[in-house]
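> no sequence on this one, just coordinates:
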Ligand SMILES: NC(=O)c1ccc[n+]([C@@H]2O[C@H](COP(=O)([O-])OP(=O)(O)OC[C@H]3O[C@@H](n4cnc5c(N)ncnc54)[C@H](OP(=O)(O)O)[C@@H]3O)[C@@H](O)[C@H]2O)c1
């Protein structure tokens with residue numbers, strides 16, 4: 001089935017949700033109507049706005065408001081813009097829209113990271129567009145470059161800061177030396193963290209975005225539950241201090257990689273966890289609520305995308321970009337480039353994913369300690385890239401950075417080292433990124 005040409009009539013848009021982002025989308029659709037019409041080639045008309053409590057929105061055109069989002073989706077509209085969030089009942093409404101040939105624009109990472117396959121299938125069957133640029137990294141044009149501009153290249157890695165709340169907290173801990181709990185309180189007070197910060201600080205939000213990025217970059221279906229996830233609640237002032245001593249900083253990164261095994265088989269590694277990166281790395285300079293994503297592709301080389309990762313107006317920019325694209329396709333009577341999942345690469349378990357560790361230990365200050373510690377690394381097949389030793393009164397500090405090894409082998413090494421009599425304390429353990437292995 002193909003989507004009908006509009007034959008000169010307007011593109012009718014249903015907006016589901018008019019909160020932080022939806023209200024900015026409404027403003028831009030009304031204020032910039034003439035400009036948008038010129039860009040699309042037909043007027044873009046806001047046909048209805050669904051909110052939970054219409055009586056709480058005296059600022060909106062009252063004749064457009066409804067509490068019945070399902071009915072609005074079924075009405076005579078061409079594009080459904082969804083800015084409510086969450087999975088149900090939104091999933092059902094968007095499937096209905098796509099099955100009826102209406103294009104969908106959404107910023108819903110929770111939905112896309114779990115249900116992209118069925119939504120894309122519904123879009124493919126009816127010939128409608130499904131766009132979700134706003135679901136990852138707010139204003140930053142990222143999904144379209146992955147899906148379209150880099151469609152002819154082979155992406156090997158996508159790595160970035162995709163959660164502003166955790167980046168704000170880690171940046172503040174780095175600059176003040178304060179601990180996690182007190183910095184989170186400050187972030188909440190300043191409005192950078194939600195009253196319930198779980199989705200951000202435990203890495204769920206970043207894991208949803210990693211799933212979306214990995215799926216597009218590697219032409220495979222990766223869901224949020226496939227993504228290995230660790231948050232920042234365990235990061236201490238000592239971790240930040242240990243990083244500083246090595247001229248590094250700590251960031252929560254979403255890392256999506258194409259991993260090639262010795263026998264040539266390929267898989268996808270998708271993970272979210274704190275890492276130490278050199279202060280000279282481009283991502284180290286991304287502070288506060290900003291997002292940045294670093295993409296490596298075989299022919300293009302290294303690319304970096306940077307900008308505001310959230311907020312009403314920045315996110316509305318990404319939504320409007322998708323809406324203009326979907327509306328133009330309507331006017332032309334076709335659909336835009338579809339995403340592909342043809343490679344269907346399997347997801348590599350975290351334990352088998354090659355990573356590097358930084359381990360900072362307080363050890364007894366006596367001969368033979370380094371040899372005992374090094375022996376544990378050897379037993380687990382982990383090779384050491386660098387060792388730094390510093391003497392104190394009766395203990396010494398030992399800082400070890402490893403070469404790449406399977407994450408499970410590194411975990412086992414740390415566990416065994418922590419049990420050695422000569423090890424007084426494991427001060428900090430963190431994965432390392434952004435330098436040669
Ligand atoms: N905020 C950001 O910076 C940002 C950035 C990137 C992506 N996003 C994504 O964009 C989406 C919207 O985020 P937001 O921050 O704008 O959310 P929000 O401020 O909480 O707004 C949600 C809107 O949805 C409406 N709504 C809730 N349940 C509804 C229902 N059952 N039927 C009809 N309307 C309903 C609400 O109505 P009432 O107004 O009547 O309560 C409200 O207008 C989410 O998927 C989010 O993940 C947000």
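Perfect, I can see it now. What you see is a predicted model, and the numbers here were worked out from it, not measured in a lab.

> quick one: residues in contact with the lowest-mean-pLDDT helix or strand in the chain.
Between all helices and strands in the chain, the lowest mean by mean pLDDT, DSSP states H and E belongs to strand 384-391, at a mean of 87. Contacts with strand 384-391, where a contact means Cβ atoms under 8 Å, 6 or more residues apart in numbering, come from 246, 356, 365, 370, 374, 377, 396-403, 437. All C-beta spots, glycine's among them, are computed from the backbone N, C-alpha and C.

> just give the nearest non-adjacent residue to whatever residue of the stretch 1-150 of the chain ends up closest to the ligand, would you?
Residue of the stretch 1-150 of the chain nearest the ligand, by Cβ to the nearest ligand atom: residue 19 (2.0 Å). Once flanking residues are discounted, residue 19 sits nearest to residue 83: 6.9 Å by Cβ to Cβ, 6 or more residues apart in numbering.

> residues contacting that neighbour?
Per Cβ under 8 Å, 6+ apart, neighbours of residue 83: 15-19, 21-22, 25, 106-108, 319.

> by neighbours, which of these wins?
Of all the contacts of residue 83, the highest neighbour tally under other Cβ atoms under 10 Å goes to residue 15, namely 30 neighbours.

> still on that earlier bit, out of the contacts of strand 384-391, which one sits closest to residue 343?
Residue 343 has its nearest neighbour among these in residue 437, at 25.0 Å by Cβ to Cβ.

> sorry, back to before: quick check: the farthest pair among the contacts of strand 384-391?
Using Cβ to Cβ, the two most remote members of the contacts of strand 384-391 are 365 and 437, lying 30.8 Å apart.

> out of the two, which sits in the more crowded spot?
residue 365 (16 against 13).

> can you tell me the centre-most residue of this structure?
The residue lying closest to the centre of the chain (Cα atoms, centre = their mean) is residue 209, at 3.0 Å.

> am I right that it is in a helix?
Yes. Assessed by DSSP: H, G, I helix; E, B strand; the rest coil, residue 209 belongs to a helix.

> list the residues that contact it.
109, 113, 135-137, 162-163, 254.

> correct me if wrong: residue 331 contacts residue 40.
Yes. Applying Cβ atoms under 8 Å, one finds residue 331 in contact with residue 40, separated by 6.1 Å.

> name the residues of stretch 38-56 that are buried.
Within stretch 38-56, the residues that qualify as buried by neighbour count (16 or more other Cβ atoms under 10 Å) are 40, 42-51, 54.

> got it, and stretch 286-302?
Quick answer for stretch 286-302 (16+ other Cβ under 10 Å): 286-287, 289-297.

> residues from the chain in reach of the ligand?
Counting by Cβ under 6 Å from any ligand atom, the residues of the chain close to the ligand are 17-22, 50-53, 56, 69, 83-85, 107-109, 134, 138, 310-311, 315.

> quick revisit: please flag which of the contacts of residue 83 sit within strands.
Taking DSSP state E, the ones among the contacts of residue 83 that sit in strands are 15-16, 106.

> pull the contacting residues for residue 60.
18, 26, 49, 51.

> give me the pLDDT for the last one.
Reported pLDDT at residue 51 in the predicted model: 98.

> would you check how far apart the residue nearest to it when sequence neighbours are not counted and residue 57 are?
Excluding the flanking residues, the one nearest residue 51 by Cβ to Cβ, 6+ apart is residue 18, at 5.1 Å. Separation of residue 18 from residue 57 (Cβ to Cβ, to the nearest Å) stands at 7 Å.

> what sits in contact with each of those two?
Between them, residue 18 and residue 57 share the contacting residues residue 51, judged by Cβ under 8 Å, 6+ apart.

> from the chain's centroid, how far away is the host helix or strand of residue 184?
Element membership for residue 184 (DSSP states H and E) is helix 180-189. Between the centre of helix 180-189 and the centre of its chain there are 22 Å (Cα atoms, centre = their mean, to the nearest Å).

> mind listing what residue 100 touches?
By Cβ under 8 Å, 6+ apart, the neighbours of residue 100 are 74, 126.

> pLDDT value on it, please?
97.

> which residues of this protein score low on pLDDT?
1-8, 391-394, 436-437 (pLDDT under 70).

> and stretch 222-242, end to end?
End-to-end distance for stretch 222-242: 34 Å, by Cα to Cα, to the nearest Å.

> for the least confident helix or strand of the chain, buried residues please.
residue 385.

> who are the contact partners of the residue of the stretch 201-350 of the chain at minimum distance from the ligand?
Nearest residue of the stretch 201-350 of the chain to the ligand: residue 310, at 3.4 Å (Cβ to the nearest ligand atom). Shown in contact with residue 310 (Cβ under 8 Å, 6+ apart): 138, 164, 289, 291.

> and residue 194, by the same measure?
Residues near residue 194 by Cβ under 8 Å, 6+ apart: 165, 188, 200.

> my read is it is in a strand, agree?
No. Counting by three-state DSSP, residue 194 is not part of a strand but coil.

> distance of it relative to the ligand?
Residue 194 sits at a distance of 10 Å from the ligand (criterion: Cβ to the nearest ligand atom, to the nearest Å).

> pretty sure residue 319 sits against residue 82.
No. Contact criterion Cβ under 8 Å: residue 319 and residue 82 do not qualify, at 9.6 Å.

> give me the common contacts of the two.
What both residue 319 and residue 82 touch, as defined by Cβ under 8 Å, 6+ apart, is the set 105, 107.

> ok, back up a step: and the contacts of residue 310 as JSON lines, adding secondary structure?
Output for the contacts of residue 310, formatted as JSON lines (three-state DSSP):
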{"residue": "138", "secondary structure": "coil"}
{"residue": "164", "secondary structure": "helix"}
{"residue": "289", "secondary structure": "coil"}
{"residue": "291", "secondary structure": "strand"}
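
> quick check: the two most widely separated of the residues you listed?
138 and 289 (9.5 Å).

> tell me which residue of the chain is furthest from the middle?
residue 367 (46.5 Å).

> and that residue, backbone torsions?
Phi and psi for residue 367, reported as degrees, to the nearest 10, are phi -60, psi 150.

> how close does it sit to residue 421?
14 Å.

> ok, residue 16 next?
62 Å.

> ok, now residue 50?
Distance from residue 50 to residue 421, by Cβ to Cβ: 65 Å.

> same deal with residue 407?
For residue 407 relative to residue 421 (Cβ to Cβ), the value is 26 Å.

> more neighbours, those two?
Of the pair residue 407 and residue 421, residue 407 is the one with more neighbours under other Cβ under 10 Å, namely 23 against 9.

> the more buried one is in contact with residue 380, isn't it?
No. With contact defined as Cβ under 8 Å, residue 407 does not count as touching residue 380 (11.5 Å).
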